[in-house]
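Asker: okay, here's the prediction I keep looking at, along with the sequence it came from:
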Amino acid sequence: MSAGNYDPKFFDKMPHSARHKGSVTLRRNQAKIRQADNYLLDTKTPLDFTHTDPWRVLRIQSEFVEGFGSLSELGPAISIFGSARTKRGSKYYVAAEEIARRLVGEGLSVITGGGPGIMEAGNKGAVEAEGVSVGLGIELPFESSMNEYVDLGINFRYFFARKTMFVKYSQGFVVMPGGYGTLDELFEAVTLVQTEKITNFPIVLYGVEYWTPLLEWIRTRVLEEGMISEADVNLLRVTDDPAEAVEWVIQGYKGLVGPEDVKRPNGLHPAKLYSSRTGADGDKEKI
Ligand SMILES: C/C(=C\CNc1ncnc2c1ncn2[C@@H]1O[C@H](COP(=O)(O)O)[C@@H](O)[C@H]1O)CO
């Protein structure tokens, strides 16, 4: 703008009042907000800083630090997921116990969500087999505490920090029947495998009757309509045999089972424990 067409309204808005807060530049009304020191030192501050997003970032960071610090020396582990509502002594509860015992027998630690139902069964089986029993709990609006079989427990406020720990510190997942929480964990994992964020990461479903309608829908609707490829369907494998679930998950993370070994247990869901796009070197890249 030349001096000839000077517009006072424009120049009144020029950045003479810029203030900097870290990498953030603030002007005009935005520059009037309080500085970090005010929040820290002035107890008359009108806002509770612990309810602000910058403070949350620190809490989130601390969850990652705590999780990485506590789990980095865990060794090979498998996560068992499933319903928080599964009753003690029910068939899936008993199966989860057995799967956990077998995993421990194979030298693996067992990780669960630390809650009731299938999580408790997994931790119970691990403890009974004298293995390492881990619970990654989540703070929920209603009362929930770690089940009594968790020997190493970490409680998270944030689902996403907790999910990172499951994936980072597991070699694979066994997914028992469950509700939205379980489905969320299952689809998060299968997406990470599909997109090759993780490799040699087997996902074994337990419960043919429970999972078959979902697998059928994936094949007849999701695949047929071109939302995924054939290889993506094959990322999930289902069984009713605890021994087979453990065998598959171990073969999968060790990279011992390839697409050429695919079996079709009931003609419905071809089995493949890792993506055909997995690197030949079997690198286990995580997140
Ligand atoms: C429902 C009750 C308590 C819930 N307590 C939970 N503690 C830890 N983790 C949980 C809890 N509820 C859900 N999860 C996570 O989701 C999965 C199970 O969810 P679903 O909807 O029941 O399938 C589980 O794998 C956890 O990671 C009081 O009974």
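Answerer: Received the coordinates, thanks. Numbering: from 1, shown residues only.

Asker: CA only for contacts and neighbour counts going forward, please
Answerer: Noted.

Asker: give me phi/psi at the residue most central in space within the chain?
Answerer: Nearest residue to the geometric centre of the chain (C-alpha atoms, centre = their mean): K163, 2.4 Å. For K163, the backbone dihedrals (degrees, to the nearest 10) come out as phi -60, psi -40.

Asker: OK, contacts around it?
Answerer: By C-alpha atoms under 8 Å, 6 or more residues apart in numbering, the contact list for K163 reads E185.

Asker: how about the one 10 residues further on?
Answerer: Residues in contact with F173, defined by C-alpha under 8 Å, 6+ apart, are I78, S79, I80, F81, F201, P202, I203, V204, V249.

Asker: with distance to L26 added, can I get these in TSV?
Answerer: Output for the contacts of F173, formatted as TSV (distance: C-alpha to C-alpha, whole Å):
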residue	distance to L26
I78	48
S79	46
I80	48
F81	47
F201	46
P202	49
I203	48
V204	52
V249	53
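
Asker: also near the ligand: which of those, exactly?
Answerer: Contacts with the ligand within the contacts of F173, as defined by C-alpha under 6 Å from any ligand atom: F81.

Asker: in helices, which of the contacts of F173 fall?
Answerer: Mapping the contacts of F173 onto helices (DSSP state H) picks out V249.

Asker: nearest to the ligand among the contacts of F173?
Answerer: F81 (4.0 Å; C-alpha to the nearest ligand atom).

Asker: check what pLDDT P141 gets.
Answerer: Note for P141: predicted pLDDT of 83.

Asker: would you mind measuring from it to A245?
Answerer: The gap separating P141 from A245 is 34 Å, by C-alpha to C-alpha, to the nearest Å.

Asker: between those two, which one's more packed in?
Answerer: Between P141 and A245, counting by other C-alpha atoms under 10 Å, A245 is the more crowded of the two (23 against 6).

Asker: which strand or helix spans that one?
Answerer: A245 is part of helix 242-253, with elements assigned from DSSP states H and E.

Asker: gap between that helix and the chain center?
Answerer: Chain-centre distance of helix 242-253: 20 Å, with C-alpha atoms, centre = their mean, to the nearest Å.

Asker: which other residues reach it?
Answerer: For helix 242-253, contacts defined as C-alpha under 8 Å, 6+ apart pick out 95-96, 98-99, 102-103, 171-174, 200-206, 238-239, 257, 273-274.

Asker: strands of the stretch 1-150 of the chain, start to end?
Answerer: Along the stretch 1-150 of the chain, counting by DSSP state E, counting those that start in this stretch, strands occupy 19-21, 24-26, 77-81, 109-112, 133-138.

Asker: I'd like the average pLDDT over stretch 246-257.
Answerer: Stretch 246-257 carries an average pLDDT of 91.

Asker: buried residues, it. List them.
Answerer: Neighbour counts over stretch 246-257 (16 or more other C-alpha atoms under 10 Å) mark V246, W248, V249, I250, Q251, G252, Y253, G255, V257 as buried.

Asker: nearest to D184, of these?
Answerer: V249 (19.6 Å; C-alpha to C-alpha).

Asker: can you pull the poorly scored residue ranges out of the stretch 51-200 of the chain?
Answerer: For the stretch 51-200 of the chain, the stretches with pLDDT under 70 are 143.

Asker: for it, what lies in contact range of the ligand?
Answerer: Contact residues (C-alpha under 6 Å from any ligand atom) of the stretch 51-200 of the chain with the ligand: 81-85, 113-116, 137-138, 144, 178-182.
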